[in-house]
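Colleague: Generate coordinates for the sequence data below:
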Amino acid sequence: MQVLVSRARALLGSEVIVSTSTGYRLALAENQVDASAVLLSASAASRESRTGDHVAALAHAEAGLALWDEQPAVESAHDPLTALRAERALTYHSLVRVRALTLSRLGRHAAALPDLTALVAQSPRDEELLLELLRCEHATIGAAAALTRYEKYRRSLRDELGTDPGPALVATYEQLLHGRPPTVRYGVLYDSNPLLGRDDDIAAVTALLRTARVTSIVGPGGLGKNQTRARRQQARRAPRGVFRPARRAHRRCRGRGRVRSGDH
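Modeller: This next block holds a predicted model:
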């Protein structure tokens, strides 16, 4: 132990490890140790979120997550370090939750959508998370996705618990039902299931969008459904303002003659 302490002091400085009557102690403040600093960040993020300061809450959440860049594994505690990591798993989860909620409340719906989707899958009865997920889906995918998710949740509550969603969720549903169209991807229809076997095609079109001024997707008759769904998938992944559905008719572009019908 003395050899290890001596080496640590040589690397970090003699004042970092101090001797006490019972052994050695790290002479560091709580905010200088990641395992303690992450607790401070989680507490501050939750506090600012409750007071409505979403910018500050997001800053604290991201600072805490920067200390623990991946979810700690929950394992049987065989040593102090493993036990410490297992204890911080809940802290990590709370930081991800605050970050997702604040991103949504700040209008950054596309950034919040992946975490909110995963969190709702883990906690399907958490209506605060579900409320923000509905808003994000409405803004990024479209009203159909958000309303379908709400209806599925409402039916599960009725069938399993004999109750209805809470008033805040119902109010949000009414707003989405009569609200504005999505701001991120307007005009792109919602697909209820994933598209299979077209990853290479979508990747090829994505590469073309980065280098070509205009990219057209065309194909022979009989491939309508598959081709249309591939275009929708591409529309969701393309940067905002890059992908614009074109009418299914010949168009005349200035100085460029005719362009075949398709999505550009």
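Colleague: Now do the helices in the chain.
Modeller: 2-12, 34-51, 54-67, 80-105, 109-122, 127-140, 143-161, 167-178, 199-211, 224-237 (DSSP state H).
Colleague: name the helices or strands packed onto the third one?
Modeller: Spelled out, it's helix 54-67. Packing partners of helix 54-67 (3 or more Cβ pairs under 8 Å, 6 or more residues apart in numbering; DSSP states H and E): helix 34-51, helix 80-105. Backbone N, C-alpha and C define where each C-beta goes, glycine included.
Colleague: With the fifth one instead?
Modeller: Here helix 109-122 touches helix 80-105, helix 127-140, going by 3+ Cβ pairs under 8 Å, 6+ apart.
Colleague: Please identify the most buried of these.
Modeller: Comparing those by mean neighbour count (mean count of other Cβ atoms under 10 Å), helix 127-140 comes out on top with a mean of 23.
Colleague: Which secondary structure elements does that one sit against?
Modeller: Packed against helix 127-140, as judged by 3+ Cβ pairs under 8 Å, 6+ apart, are the following elements: helix 80-105, helix 109-122, helix 143-161, helix 167-178.
Colleague: what would these look like in CSV with distance to residue 134 and mean pLDDT?
Modeller: As requested, these are arranged in CSV below (distance: least, Cβ to Cβ, whole Å; pLDDT from 0 to 100):
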stretch, distance to residue 134, mean pLDDT
helix 80-105, 10, 88
helix 109-122, 9, 94
helix 143-161, 4, 92
helix 167-178, 6, 88
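Colleague: Compare the helices and strands packed on helix 54-67 and report which one is nearest to residue 6.
Modeller: helix 80-105 (21.5 Å; Cβ to Cβ).
Colleague: returning to that earlier point: with distance to residue 16 added, can I get the helices and strands packed on helix 54-67 in a markdown table?
Modeller: Converted to a markdown table, those look like this (distance: least, Cβ to Cβ, whole Å):
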| stretch | distance to residue 16 |
| --- | --- |
| helix 34-51 | 15 |
| helix 80-105 | 19 |
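Colleague: quick one on the thing from earlier: could the helices of the chain be laid out in a markdown table, adding distance to residue 26?
Modeller: Below are the helices of the chain laid out as a markdown table (distance: least, Cβ to Cβ, whole Å):
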| stretch | distance to residue 26 |
| --- | --- |
| helix 2-12 | 9 |
| helix 34-51 | 10 |
| helix 54-67 | 16 |
| helix 80-105 | 13 |
| helix 109-122 | 33 |
| helix 127-140 | 37 |
| helix 143-161 | 47 |
| helix 167-178 | 45 |
| helix 199-211 | 49 |
| helix 224-237 | 47 |
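Colleague: Of those helices, flag the one that's most buried.
Modeller: helix 127-140 (a mean of 23).
Colleague: So what's the model's average confidence on that helix?
Modeller: Average pLDDT, helix 127-140: 94.
Colleague: Alpha carbons of it, in PDB - could you do that?
Modeller: Extracted C-alpha coordinates of helix 127-140, given in PDB (Å, rounded to 0.1, in the frame of the first residue of the first chain):
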ATOM      1  CA  GLU A 127     -46.600   9.900 -18.700                       C
ATOM      2  CA  GLU A 128     -44.200  12.800 -18.300                       C
ATOM      3  CA  LEU A 129     -41.800  11.000 -20.700                       C
ATOM      4  CA  LEU A 130     -44.600   9.900 -23.000                       C
ATOM      5  CA  LEU A 131     -46.000  13.400 -23.200                       C
ATOM      6  CA  GLU A 132     -42.700  14.800 -24.500                       C
ATOM      7  CA  LEU A 133     -42.300  11.800 -26.800                       C
ATOM      8  CA  LEU A 134     -45.600  12.500 -28.400                       C
ATOM      9  CA  ARG A 135     -44.500  16.100 -29.000                       C
ATOM     10  CA  CYS A 136     -41.200  15.000 -30.600                       C
ATOM     11  CA  GLU A 137     -42.900  12.400 -32.800                       C
ATOM     12  CA  HIS A 138     -45.500  14.900 -34.000                       C
ATOM     13  CA  ALA A 139     -42.700  17.500 -34.800                       C
ATOM     14  CA  THR A 140     -40.300  15.100 -36.500                       C
END
